[in-house]
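> no sequence for this one, just the structure:
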Ligand code: AMP
């Protein structure tokens with residue numbers, strides 16, 4: 001099964017994607033993690049991506065589409081995959097549709113993780129306070145505001161896009177982690 005977790009930064013997409021991977025075997029594909037690995041490796045891509053990520057802006061669509069296209073061809077994605085942080089723009093969503101069609105694959109489900117923005121800012125502050133040694137360079141309240149604006153402007157339009165295609169379902173992302181997992185499990189079983 002191939003699915004997308006959609007929601008603003010801090011909504012818990014990564015946590016839930018990891019759980020789906022370990023419970024169901026659908027591979028978590030986090031574009032944020034892939035980009036951070038590229039930054040850490042010092043590759044050309046990493047150099048391009050770092051300043052964009054630190055500003056809370058989006059890496060160009062063509063780069064992201066190529067990254068995902070290559071990744072979903074790998075053997076560990078053939079049972080299914082969970083896209084976490086991709087697509088983030090309409091161009092990426094349309095590119096994904098074309099790509100899946102070419103690969104004879106299907107998108108089965110898009111899960112919207114609904115959250116309250118004020119509560120998100122609190123979560124990010126908590127994440128920073130709990131892990132002072134490993135604060136992500138884009139995890140501070142000012143940059144988060146940017147990232148939320150980018151979400152509202154560029155990523156939220158994906159909600160009607162997927163609703164029109166009949167694949168969008170929502171869960172309450174403010175519930176506790178186990179309840180969110182249970183709600184997603186119920187959607188996967190439906
Ligand atoms: P994330 O860990 O998903 O919050 O991603 C961290 C940062 O990586 C984002 O703020 C963007 O700068 C970049 N990024 C991750 N995924 C994408 C994507 N699909 N399109 C563009 N930029 C992305």
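Cool, got the structure. Worth saying up front: this structure is predicted, and the values here are computed from it rather than measured.
> that's a helix at residue 56, yeah?
No: counting by DSSP: H, G, I helix; E, B strand; the rest coil, one finds residue 56 to be coil, located in no helix.
> neighbours around the residue nearest to it when sequence neighbours are not counted, how many?
Nearest non-adjacent residue to residue 56, counting by Cβ to Cβ, 6 or more residues apart in numbering: residue 146, 3.5 Å away. The way it works is simple: take the backbone N, C-alpha and C, and place the C-beta from them, glycine included. By other Cβ atoms under 10 Å, 14 other residues sit near residue 146.
> residues in contact with residue 146?
55, 56, 57 (Cβ atoms under 8 Å, 6 or more residues apart in numbering).
> would you format those as CSV with pLDDT included?
Below are those laid out as CSV (pLDDT from 0 to 100):
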residue, pLDDT
55, 87
56, 88
57, 92
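> now the buried members of those residues.
Burial by neighbour count, judged by 16 or more other Cβ atoms under 10 Å, picks out residue 56 from these.
> just the contacts of residue 146 that are near the ligand?
Restricting these to those touching the ligand (Cβ under 6 Å from any ligand atom) yields 56, 57.
> now stretch 70-87: average pLDDT?
Stretch 70-87 carries an average pLDDT of 98.
> which parts of that stretch are buried?
Neighbour counts using 16+ other Cβ under 10 Å place 71, 72, 77, 80, 81, 82, 83, 84, 85, 86, 87 of stretch 70-87 among the buried residues.
> can you tell me how far the residue nearest to residue 56 is from the ligand?
9 Å (Cβ to the nearest ligand atom, to the nearest Å).
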